[in-house]
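Peer 1: how does the following fold in three dimensions:
(chains A and B)
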Amino acid sequence: MHVPDGFLDGKTLAAAGIFSGVGLGAAMWNVRRLSPRRVPLMGLSAAFIFAGQMLNFPVAGGTSGHLIGGVLAAVLLGPSAAVIILTAVLVIQCLLFADGGLLALGANVLNMGIVDSVGGYLVYRAVFRLLPGDRHSARVAAAAFAAWCGAVLASMVCSGELVASGTAKAHVAFPAMVGVHMAIGLGEAAITAIVIATISKTRPELLDERAGADRTGSGGFLVYGLIVAAALGVFVSPFACQWPDGLDHVAKVIGFGHREVERRSVITNYQFPGISNLRVATAVAGLVGTLLAFAVALGLSRVLMRSRAGTVTAGDEPALSGAAP
Amino acid sequence: MSGHHHEGYFDPYSRVESPVHNLPAGVKLFVALGLVVAVVSVPVRLASAATFFPAVGLFLIGVAGMSFVPPSFLLKRLAQMEPVVIGAGLLALFQPGGVRVFVALLLRTTLCLSTMLLLANTTPFPDVLAVLRRLRVPGIFITTLALMYRYLYVLVDESQRMRRARASRTFTRSRRGAWVGAASTLGHLFVRTGDRAERVYHAMCSRGWK
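Peer 2: Coordinates of the predicted model:
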């Protein structure tokens, strides 16, 4: 999802730059009272996320995918630390590897450093609190679902930026980018779930709320929530209502012009039934996709944490609780 | 490969001696920024395609020649990045006049990419950090970048060692096994990262940090 230079125009770069600047500023403000002990952890965690992005995961037919890691960083270290870490990763990728543009850095920080990690983290917090039962399993499920949501949200904002810049049309960019990332997001969810489950089994104390917290208060969450909402509002909402229109275009491009004529006649007979139906169809597709991802997340946590439950009942827990009062 | 030549593992030519390398990092950074801004903002028309864009291309080729960085290395890196650009650029083809937009994207992006590749391979990253520090970028961010650059190689190396160790002990051909293996390696890598950060913190304190 690294946007290179030349894909976005001036106004989009400026808007994305302002959003990411405010977000990064808020993150710096939130970590100002960070314990000095955790400062090296931020730098090394940035290197860790980079190393994680270099690990390839086999997909189908010899291709492979890799992690974004925004939600993973936010769950492990807190949202403000995640924003700084992901920004550092993107700066190094831009300056050392020319991966992602220099002017587009603001947009890339907004998409992957803020919308993915913080947007995903807000989902994580809500789902983690709502899920009943064992906290470790709930954490894995919430993190997996949040990772999927983060990737999809980021791809939505990214396509909005491409469309606002005139690089691509809404009816192509949104279905292509968001569709692809609804699939990629499942991989992101699986990797995030396995990593969190592994840490949860071996060193659960690292996932303790207080250990992972970077002292982001409710004010910080409000700022992040506003930035994510504003990014979605500015880049996505203007085009969301044009989707039905866009589908007409796709039909024309593919060569089903006669169908469009048919549908127009339908629209003249009734009041906007085609448009509202297509809108409903899009919304239903999104809803089904989200529910499916949630089911996958729950399934992942069930499968990954089953062995843990087994070992705990087999006698690990009494020994542990006896040893560490 | 031992962990001792981490410097320049990812940017092997950033410390070569050449007229371009000897320029101050700040100058190179701002020239690169200026070039990228110009390339992105000049409209792609027949006139500019015949004058401005070839001129930038020739300038970059000249700088590359003076930098003593092997052209094959630069071209290889450019070829590695180009599929991403072409892939994303394909989205532009699905609109009226899409071919024009696509060609403009390709032209601009290739020039910007070459600029950034040249900057990365003629400027040691610590020098870039010094420029950022002078620009009053907050200290916590500079420290994060500096530590990240320092430990990038160490952690990538460690993750590869862990993967090798795992591969030599397990015997699975299933995709699920590969995923669980790679991702749980990542989980263990985070645990080790935390432990290492703790040691680094104590080492930094014992040398008078903060």
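Peer 1: please make it C-alpha for all contacts and neighbour counts, starting now.
Peer 2: Will do.
Peer 1: what residues sit buried inside stretch A:129-144?
Peer 2: Neighbour counts using 16 or more other C-alpha atoms under 10 Å in any protein chain shown place A:136-144 of stretch A:129-144 among the buried residues.
Peer 1: show me where pLDDT drops low in the stretch 201-325 of chain A?
Peer 2: Along the stretch 201-325 of chain A, segments meeting pLDDT under 70 span A:209-213, A:240-281, A:307-325.
Peer 1: ok, now which ones touch residue B:21?
Peer 2: Residue B:21 is in contact with B:14-15, B:67, B:122-123, counting by C-alpha atoms under 8 Å, 6 or more residues apart in numbering or on different chains.
Peer 1: ok, and what's touching the helix or strand hosting residue A:107?
Peer 2: According to DSSP states H and E, residue A:107 maps onto helix A:105-108. Here helix A:105-108 makes contact (C-alpha under 8 Å, 6+ apart) with A:1-3, A:13, A:16-18, A:20-21, A:90-91, A:94, A:100, A:158.
Peer 1: let me see the mean pLDDT of that helix.
Peer 2: In this model, helix A:105-108 has a mean pLDDT of 95.
Peer 1: how does chain B divide into domains?
Peer 2: Annotated domains of chain B cover B:3-129, B:138-206 [automatic domain parsing].
Peer 1: chain center to the shortest one, what's the gap?
Peer 2: Relative to its chain's centre, domain B:138-206 lies at 19 Å (C-alpha atoms, centre = their mean, to the nearest Å).
Peer 1: can you give me the end-to-end span of it?
Peer 2: In domain B:138-206, first residue to last residue: 24 Å (C-alpha to C-alpha, to the nearest Å).
Peer 1: the helix or strand where residue B:167 lies: what's the following helix or strand?
Peer 2: With elements taken from DSSP H and E, the one containing residue B:167 is helix B:139-169. Downstream of helix B:139-169, the next assigned helix or strand under DSSP H and E is helix B:175-206.
Peer 1: returning to that earlier point: now the contacts of residue B:21 as JSON lines including pLDDT and neighbour count?
Peer 2: Output for the contacts of residue B:21, formatted as JSON lines (pLDDT from 0 to 100; neighbours: other C-alpha atoms under 10 Å in any protein chain shown):
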{"residue": "B:14", "pLDDT": "82", "neighbour count": "22"}
{"residue": "B:15", "pLDDT": "80", "neighbour count": "16"}
{"residue": "B:67", "pLDDT": "91", "neighbour count": "22"}
{"residue": "B:122", "pLDDT": "92", "neighbour count": "29"}
{"residue": "B:123", "pLDDT": "91", "neighbour count": "26"}
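Peer 1: let's see which of those end up in strands.
Peer 2: Among the contacts of residue B:21, no member is found in strands (DSSP state E).
Peer 1: what distance do you get for residue A:100 to residue A:143?
Peer 2: In terms of C-alpha to C-alpha, residue A:100 sits 26 Å off from residue A:143.
Peer 1: who in the stretch 151-300 of chain A is up against chain B?
Peer 2: Residues of the stretch 151-300 of chain A that fall close to chain B, judged by C-alpha under 8 Å from any C-alpha of the partner chain: A:167-169, A:172-173, A:191-192, A:194-196, A:198-199, A:203.
Peer 1: can you do 10 Å?
Peer 2: Contact residues, the stretch 151-300 of chain A versus chain B (C-alpha under 10 Å from any C-alpha of the partner chain): A:162-163, A:166-173, A:176-177, A:187, A:190-200, A:202-203, A:206, A:249-250, A:253.
Peer 1: make a PyMOL selection of the buried ones in those.
Peer 2: Selection of buried members from those for PyMOL, criterion 16+ other C-alpha under 10 Å:
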select buried, chain A and resi 162+163+166+167+168+169+170+171+172+173+177+187+190+191+192+193+194+195+196+197+198+199+200+206+249+250
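Peer 1: re the thing from before, give me the subset of the contacts of residue B:21 lying in helices.
Peer 2: Members of these lying in helices (criterion: DSSP state H): B:67, B:122.
Peer 1: quick check: which element contains the spatially most central residue of chain A?
Peer 2: A centroid search over chain A (C-alpha atoms, centre = their mean) returns residue A:150, at 1.4 Å, as the residue closest to the centre. Assessed by DSSP H and E, residue A:150 sits inside helix A:135-164.
Peer 1: which other helices and strands does that helix contact?
Peer 2: When contacts are defined as 3 or more C-alpha pairs under 10 Å, 6 or more residues apart in numbering or on different chains; DSSP states H and E, helix A:135-164 sits against helix A:10-30, helix A:70-77, helix A:105-108, helix A:120-130, helix A:170-202, helix A:218-235, helix A:237-240, helix A:273-311.
Peer 1: which non-adjacent residue is nearest residue B:166?
Peer 2: Distances taken as C-alpha to C-alpha, 6 or more residues apart in numbering or on different chains place residue B:181 nearest to residue B:166, at 7.7 Å, with adjacent residues excluded.
Peer 1: again with residue B:69
Peer 2: residue B:13 (6.3 Å).
Peer 1: which residues touch residue 179?
Peer 2: As the question left the chain open, I've gone with chain A. Counting by C-alpha atoms under 10 Å, 6 or more residues apart in numbering or on different chains, residue A:179 makes contact with A:152, A:155-156, A:173, A:185, A:286, A:289.
Peer 1: sorry, I should have been clearer: chain B.
Peer 2: Residues near residue B:179 by C-alpha under 10 Å, 6+ apart: A:56-59, A:187, A:190-191, A:194, B:185.
Peer 1: go with 7 Å
Peer 2: Residues in contact with residue B:179, defined by C-alpha atoms under 7 Å, 6 or more residues apart in numbering or on different chains, are residue A:57.
Peer 1: now for the helix or strand containing residue B:89, which elements pack on it?
Peer 2: Using DSSP H and E, residue B:89 sits in helix B:71-89. Helices and strands touching helix B:71-89, by 3 or more C-alpha pairs under 7 Å, 6 or more residues apart in numbering or on different chains; DSSP states H and E, are helix B:98-122.
Peer 1: buried residues in the helix it packs on?
Peer 2: B:98, B:101-122.
Peer 1: ok, and of these, which contact chain A?
Peer 2: Among those, the residues lying close to chain A (C-alpha under 7 Å from any C-alpha of the partner chain) are B:105, B:108-109, B:112-113, B:116-117, B:120.
Peer 1: hmm, which of those is lowest in pLDDT?
Peer 2: Where pLDDT dips furthest among these: residue B:105, at 87.
Peer 1: looking at it, that residue is touching residue A:7, isn't it?
Peer 2: Yes - Residue B:105 is in contact with residue A:7 according to C-alpha atoms under 7 Å; the separation is 6.5 Å.
Peer 1: the one residue in the stretch 1-150 of chain A that gets nearest to chain B: which element?
Peer 2: Using C-alpha to the nearest C-alpha, the closest approach of the stretch 1-150 of chain A to chain B is made by residue A:43 at 4.1 Å. Here residue A:43, judged by DSSP H and E, is contained in helix A:39-54.
Peer 1: between that helix and helix B:175-206, how many degrees?
Peer 2: 160 degrees (axes from the mean of the first three to the mean of the last three C-alpha atoms, to 10 degrees).
Peer 1: right, and the helix or strand after helix A:39-54?
Peer 2: Next along from helix A:39-54, by DSSP H and E: strand A:57-58.
Peer 1: which other helices and strands contact that following strand?
Peer 2: strand A:64-65.
Peer 1: who's in contact with residue B:20?
Peer 2: Going by C-alpha under 7 Å, 6+ apart, the list of residues near residue B:20 reads B:66-67, B:122.
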